[in-house]
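Asker: sequence first, then the predicted structure:
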Amino acid sequence: MIKDFNICEPTRIDSHETIKMYEIMRFMMPNNDFTQTQKENSLMDIIDNFDGFILDGFGVINIGNELIKGVIPFLNEVKRKNKHIFLLTNGSTNPSVETAKKYINWKIPISKELVVSPRDALQQSLENFKDTKVFFIGKEVTPIKLNNLKVTNNIKDADLIVFLGSRIWNINDHDNLVNELIRKKRNIFVCNPDISAPHGKFFSPEPGYWSLKIMQDANLNEKFFHWYGKPYHPVFNFVKNRLDNYSKKNIKKKNIAMIGDTLHTDILGANAYGFSSILLTNYGLMKNMDIDRIIKKLKIYPSYIVGGY
């Protein structure tokens, strides 16, 4: 339970508060025993060390609506060397094929089937439910459509709750949901465990933030929360199976590198699953932070620490 922890208001989220809240979640996250790391100047320097690369979205591909310089030359070089590329974003507002359009419009050299989100893993899981009424959190989201699901806009009628997005979610929506969960507890399926997303000069509160706040304000035990995105295994299982099917071979996990900007999601999740991990430090959550001190304090060690592309 997290009842006694101090969770900041959504308007006060910054990189330091984000890390604090990830540490509050730590007891619910997968464990890893990885304790070694090494530094390189750029991703180009280690491109030959791996057979495939999985890239995060925010903080690796883009900051807000701005593409990060160097990403396209890097991906072109990966393709030239006949290595595999996947994009794995925790963002789950829309189906992955829709998310892929954004990257393709930015001239990212990738096809739509190579973009994956926790939404894909969750959809597989929801196929096992029968005649279930689902309330989707996120006014801007595209609901998951399955024949066995009945979408309801009334939380009081819902058998379970699915948290897809929070771009238009606010404190009033939160309070209404909390009051309903106090009245009747329900399972909550969270696609995106991210606490925040970087937008240059500010950080937006993401579903991971609101889930923690729901857990605290509704006094809801963690057993009611089911996590699908990084750092949890379901989305890594999904992308590994998709990668094996696409490459037509079983690539060793250690030969696949997850590139991310967040220790608690990208790096911890990759390490726990058995992938290699690369922390990118020049752009996203870790920008301008004392990386060595934070890694030592958190005890989350990426395989490599790299500044940029």
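Answerer: On my side now, so go ahead.
Asker: which phi and psi does the residue nearest the centre of the chain have?
Answerer: Centroid-nearest residue in the chain, with Cα atoms, centre = their mean: Asn90, separated by 2.9 Å. The phi/psi pair for Asn90 (degrees, to the nearest 10) reads phi -80, psi -20.
Asker: cool, Leu149 as well?
Answerer: Dihedral angles for Leu149 - degrees, to the nearest 10 - are phi -110, psi 140.
Asker: same question for the one 5 residues further on.
Answerer: Listed backbone geometry of Asn154 is phi -110, psi 110, with angles given as degrees, to the nearest 10.
Asker: that one against Phe135, yeah?
Answerer: Yes. Using Cβ atoms under 8 Å, Asn154 is in contact with Phe135, at 7.5 Å. Every residue, glycine included, has its C-beta placed from N, CA and C.
Asker: those two: which has the busier surroundings?
Answerer: Phe135 (22 against 9; other Cβ atoms under 10 Å).
Asker: surely that one is in a strand?
Answerer: Yes. Using DSSP: H, G, I helix; E, B strand; the rest coil, the secondary structure at Phe135 is a strand.
Asker: which residues of the protein score low on pLDDT?
Answerer: 1-4 (pLDDT under 70).
Asker: tell me the buried residues in the longest helix anywhere in it?
Answerer: Taking DSSP state H as the criterion, the chain has its longest helix at helix 233-247. Neighbour-count burial for helix 233-247 flags 233-236, 238-240, 242-243 (criterion: 16 or more other Cβ atoms under 10 Å).
Asker: which one among those residues gets closest to Ile85?
Answerer: The nearest member of the buried residues of helix 233-247 to Ile85, counting by Cβ to Cβ, is Leu243 at 9.6 Å.
Asker: let me know whether the closest one touches His84 as I believe.
Answerer: Yes. With contact defined as Cβ under 8 Å, Leu243 and His84 form a contacting pair (6.1 Å).
Asker: joint contacts of the two?
Answerer: Common neighbours of Leu243 and His84, counting by Cβ atoms under 8 Å, 6 or more residues apart in numbering, are 52, 251, 256.
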